[in-house]
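Student: the following block contains a protein sequence and its predicted model.
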Amino acid sequence: MDKREDSLPPEELMVDEDFDHERDAAPPDTELDEDDRLKPEFVRDVIDLAEAGEHEAARERVGRLHPADIADLFELVSDEDRPLLASVLGDLLSPDVLAEMNDYVRERLIDLLAPEQVAEIASELDTDDAVAIIEDMEEDEQQAVLDALDPEDRAAIQDALSFPEETAGRLMQREYVAVPEHVTVGDVIDRLREDQDLTPDFWEIFVVDPMHRPIGTCQLSWILRTPRDIAISDVMQREQTLIPVDMDQEEVALRFQKYALISAAVVDKAGRLVGMITVDDIVHIIQEEAGEDILRLSGAGDGDINEPIRETYSARVRWLVANLGTALVASTIVGLFGGAIEHMVALAALMPIVAGVGGNAGTQTLAVTVRALAMNQLTDSNSWRAVWREMKIALLNGGTIALIAGSGTALWFANPGLGGVIAAAMIVNIFVAGVAGVAIPLLLDRLDQDPAVASSIFVTMTTDSMGFLAFLGLAVASGLTSL
């Protein structure tokens, strides 16, 4: 038989271009700008249509958006307009939209819905997305939603809620595909085609032993390209990355990044398969954890523009109060040299320069160190090497800045002695800043404290205090203030 006759006709292999275009077409240019953000005029038009009672027109315009863009729409409108928008859009406010929505905005919208409505939405979502919606509700409201769920969905969500927040148990999906090791590729294909209860989204199947412990994985592409009579155990990859159910989500994200995973099996303490985590969940975690570390360095709390003002105030003010306390240390040192400053006013003008440059040098080192700790690049094996590296960098930076600052000061004030003092103070303070920037977060990490939370305050206190002490102390020791 001619090989060409055994294949499908070209027209049967062609994709329905009209269908795909209709399904995947991007929203019109009038709705999104060049950066794929909703245009302000589009947001205003939708609200105007809703307020004017032209609900069908508003639904028609919003209905062309991707669920993620609809979620953005709710985040862009004011708190006062969100209830109206939710009532107008109706079923366009789908589970997929809620899953993409900012946590604070979603929480406010959920408060507007009856428990039965929330339960209906949760039942259509993967377990991890359903948990994200329910976990922040008040206890009585949460229980009302759980009571309205089907027993199977309720059991899965209650099981997820039993795990600590930000662990693999909360993050994982309970819907996965697992097969015993004795089946053939043909058996697997038949099951995938016939079982209507399988999760719709998966990239690999997990092969388990009689105790339901994962012993290998098999990508769908391997299954489709393997003869039906081959045993699945001969196709599967035995080496795999298993995620303990109690592992912190940040560590989970690091494993996905390190081993380039698309999905991974989650196992309980007995090694049994209980769920899977997919890369689309990890993308959110990586973004969230990276943002958290940056915001914690500045003491800005969650740093979400949708966060209630009271919560933002509470998160920020306590760090400002702590910073006020540490600033008193530096001011006390300045007070000890009050007489020298009165005798030589130039010292007052130059003090902020020494402290400011040292603070920036410490912040640079601190940011690099906190990132390295978060990415597991800095461990017991190389911590001393990192400290030594930052000391050398600090000396190089200090020498460069000292040369510039010392020369400039000597020329401006026509006082070579003063130039030498500020140059020496710069070297001392930048060196101390480099050591503090790496040593303080390392110490906090050894004490099982988050280095991103408190490091910046201690580093700033160290650089300010040492800057003032070195500069004023050297000025007095050199006899400049007695001239």
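Tutor: That came through fine. Residues are numbered from 1 along each chain as shown.
Student: state the distance from Val105 to Leu84.
Tutor: According to CB to CB, to the nearest Å, Val105 stands 14 Å off from Leu84. The way it works is simple: take the backbone N, C-alpha and C, and place the C-beta from them, glycine included.
Student: so which of those two has more stuff around it?
Tutor: Per other CB atoms under 10 Å, whichever of Val105 and Leu84 has more neighbours is Val105, with 20 against 14.
Student: contacting residues for that one?
Tutor: 71, 74-75, 82, 306 (CB atoms under 8 Å, 6 or more residues apart in numbering).
Student: ditto for Ile282
Tutor: Each residue near Ile282 by CB under 8 Å, 6+ apart is listed here: 252-253, 256-257.
Student: would you turn those residues into a markdown table with neighbour count and distance to Gly473?
Tutor: Compiled in a markdown table, the contacts of Ile282 are given as follows (neighbours: other CB atoms under 10 Å; distance: CB to CB, whole Å):
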| residue | neighbour count | distance to Gly473 |
| --- | --- | --- |
| Val252 | 25 | 49 |
| Ala253 | 25 | 46 |
| Phe256 | 23 | 51 |
| Gln257 | 14 | 47 |
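Student: out of those, list just those in helices.
Tutor: Here DSSP state H is the test, and those give 252-253, 256-257 as lying in helices.
Student: let me have these in CSV, adding pLDDT as columns.
Tutor: Shown next, in CSV, are the ones in helices among the contacts of Ile282 (pLDDT from 0 to 100):
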residue, pLDDT
Val252, 92
Ala253, 88
Phe256, 90
Gln257, 84
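Student: make CSV from those residues and add distance to Asp126 to it.
Tutor: Listed next are these as CSV, based on distance: CB to CB, whole Å:
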residue, distance to Asp126
Val252, 16
Ala253, 18
Phe256, 17
Gln257, 22
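Student: what is the nearest of these to Ile205?
Tutor: Comparing the ones in helices among the contacts of Ile282 against Ile205 with CB to CB places Phe256 closest, at 18.6 Å.
Student: that closest one touches Val279, doesn't it?
Tutor: Yes: using CB atoms under 8 Å, Phe256 is in contact with Val279, at 6.2 Å.
Student: in stretch 90-105, what's buried?
Tutor: For stretch 90-105, burial by neighbour count (16 or more other CB atoms under 10 Å) applies to 92-105.
Student: then stretch 461-479?
Tutor: In stretch 461-479, counting by 16+ other CB under 10 Å, buried: 461-476.
Student: among those, which are in strands?
Tutor: Among these, none falls in strands (DSSP state E).
Student: so of those residues, which ones are in helices?
Tutor: Secondary structure from DSSP H places 461-476 of the buried residues of stretch 461-479 in helices.
Student: so where is the stretch 251-400 of the chain shaky, pLDDT-wise?
Tutor: Counting by pLDDT under 70, the stretch 251-400 of the chain shows low-confidence ranges at 288-306.
Student: where does the stretch 1-150 of the chain have low pLDDT?
Tutor: Residues of the stretch 1-150 of the chain meeting the criterion pLDDT under 70: 1-30.
Student: need the helices for it, in chain order.
Tutor: Here the stretch 1-150 of the chain has its helices, by DSSP state H, counting those that start in this stretch, at 10-13, 17-24, 40-51, 55-63, 67-76, 82-89, 95-100, 103-111, 115-123, 127-134, 139-148.
Student: what of the stretch 251-400 of the chain?
Tutor: Counting by DSSP H, counting those that start in this stretch, one finds helices in the stretch 251-400 of the chain at the ranges 279-298, 309-336, 338-343, 346-374, 383-413.
Student: deepest-packed of these, please.
Tutor: Highest mean neighbour count among the helices of the stretch 251-400 of the chain (mean count of other CB atoms under 10 Å): helix 346-374, with a mean of 21.
Student: just want the angle from that one to helix 309-336.
Tutor: Here the directions of helix 346-374 and helix 309-336 differ by 130 degrees (axes from the mean of the first three to the mean of the last three CA atoms, to 10 degrees).
Student: what helices and strands are in contact with helix 346-374?
Tutor: Under the contact criterion of 3 or more CB pairs under 8 Å, 6 or more residues apart in numbering; DSSP states H and E, helix 346-374 touches helix 279-298, helix 338-343, helix 383-413, helix 416-446, helix 451-477.
Student: just the buried positions in stretch 130-148, please.
Tutor: Of all the residues in stretch 130-148, those buried under the rule 16+ other CB under 10 Å are 130-134, 137, 142, 144-146, 148.
Student: give the closest residue to Asp79 in space, chain neighbours not counted.
Tutor: Arg108 (6.9 Å; CB to CB, 6 or more residues apart in numbering).
Student: quick one: contacts for the closest residue in space to Val476 that isn't next to it in sequence?
Tutor: Take Val476 and drop its neighbours on the chain: the residue closest to it by CB to CB, 6+ apart is Ala340, 5.3 Å away. By CB under 8 Å, 6+ apart, the contact set of Ala340 is 347, 472, 475-476, 481.
Student: quick revisit: could you report the neighbour count for the residue nearest to Asp79?
Tutor: Neighbours of Arg108 under the rule other CB under 10 Å: 18.
Student: swap in Asp248?
Tutor: 15.
Student: so what's it bridging to?
Tutor: Thr167 (DSSP bridges).
Student: in this structure it contacts Glu166, no?
Tutor: Yes: Asp248 is in contact with Glu166 according to CB under 8 Å; the separation is 6.2 Å.
Student: how about CSV for the contacts of Ala340, with distance to Arg371 added?
Tutor: Output for these, formatted as CSV (distance: CB to CB, whole Å):
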residue, distance to Arg371
Leu347, 37
Leu472, 34
Ala475, 37
Val476, 39
Thr481, 42
